[in-house]
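> missing the sequence, but the structure's below:
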C-alpha cells in the first residue's frame, strides 16, 4: 500500500486513489503494484512548488511589470515540441516569417490569435520560468527571440517587449 499526503479531508475516489481523511491510499482493486515513479513524481512536484513559492514571495516586494509574446508548443499536441521550436526559431531569426505570423500559425496558446501577445503582467503572474526570463535585466527588449524555454505546458519561444525598472 502506498501512502501520499493530500490536503482534502473529504473521502472520495480519483482514479486509483481513494482519499480518506488527510491521506490518499492506493486502491488495491485498481492497482496491482505501487507506482515505481511515485517518489520521482513527488520530487518534481516539490521542486516546482519551491520555484512557484519563491516567485510568489519575491513578487510581493517587486511591482515591476513586463509585456511579452510567446509561441507555445504544448506537450498535449506535440511530441517533438523542442525540435519544432528550435526549427521555428531559426526561421524567425532568418527573416522567413515574423514572430507574430509564426505565433498565429503554430502556437497552441489562445494568445496565438493576437500574434502571441500576452499583454502586460506583474512579476509572479506567470510560471517561474517565464518570470525568470522576462524580469532578468540581461534579457534584451525588442525583437530578440529567446528559447526554447521548457515549462509545465510545453516549449515556448519568447520575445520580451517592455519591462519596467526596479524602483
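Looks like it arrived, so ask away. From a predicted model like this one, the values you see are computed outputs, not experimental measurements.
> alpha carbons only for contacts and neighbour counts from here, please
Will do.
> all strands of the protein, in order?
3-5, 12-14, 17-20, 23-26, 65-74, 117-122, 146-150, 154-163 (DSSP state E).
> mind checking how far residue 125 is from residue 118?
As defined by Cα to Cα, to the nearest Å, residue 125 lies at a distance of 11 Å from residue 118.
> of the two, who's got more company?
Neighbours were counted for residue 125 and for residue 118 using other Cα atoms under 10 Å; residue 118 has more, 17 against 14.
> That one against residue 111, yeah?
Yes: contact criterion Cα atoms under 8 Å: residue 118 and residue 111 qualify, at 6.3 Å.
> give me the low-pLDDT residue ranges for this protein?
1-61 (pLDDT under 70).
> And the helices in it?
Assigned by DSSP state H, the helices in the chain fall at 38-59, 81-93, 99-106, 128-134.
> which secondary structure elements does the third one contact?
Think helix 99-106. strand 65-74, helix 81-93 (3 or more Cα pairs under 8 Å, 6 or more residues apart in numbering; DSSP states H and E).
> OK, contacts around the residue lying closest to residue 146 once chain neighbours are set aside?
Distances taken as Cα to Cα, 6 or more residues apart in numbering place residue 158 nearest to residue 146, at 5.0 Å, with adjacent residues excluded. The contact partners of residue 158, by Cα atoms under 8 Å, 6 or more residues apart in numbering, come to 68, 69, 70, 71, 145, 146, 147, 148, 149.
> Provide a list of residues in contact with the residue nearest to residue 117 when sequence neighbours are not counted.
Once flanking residues are discounted, residue 117 sits nearest to residue 69: 4.1 Å by Cα to Cα, 6+ apart. For residue 69, the contact set (Cα under 8 Å, 6+ apart) comprises 115, 116, 117, 118, 119, 158, 159, 160, 161.
> again, only using 10 Å
99-100, 103, 111-112, 114-120, 145, 156-161 (Cα atoms under 10 Å, 6 or more residues apart in numbering).
> same deal with residue 116?
Per Cα under 10 Å, 6+ apart, neighbours of residue 116: 68-72, 99-104, 106-110, 157-159.
> my read: residue 62 touches residue 125, true?
No: contact criterion Cα atoms under 10 Å: residue 62 and residue 125 do not qualify, at 11.7 Å.
> what's across from the closest residue to residue 160 other than its chain neighbours in the sheet?
Excluding the flanking residues, the one nearest residue 160 by Cα to Cα, 6+ apart is residue 68, at 4.3 Å. Here residue 68 sits in beta bridges with residue 119, residue 160, as judged by DSSP bridges.
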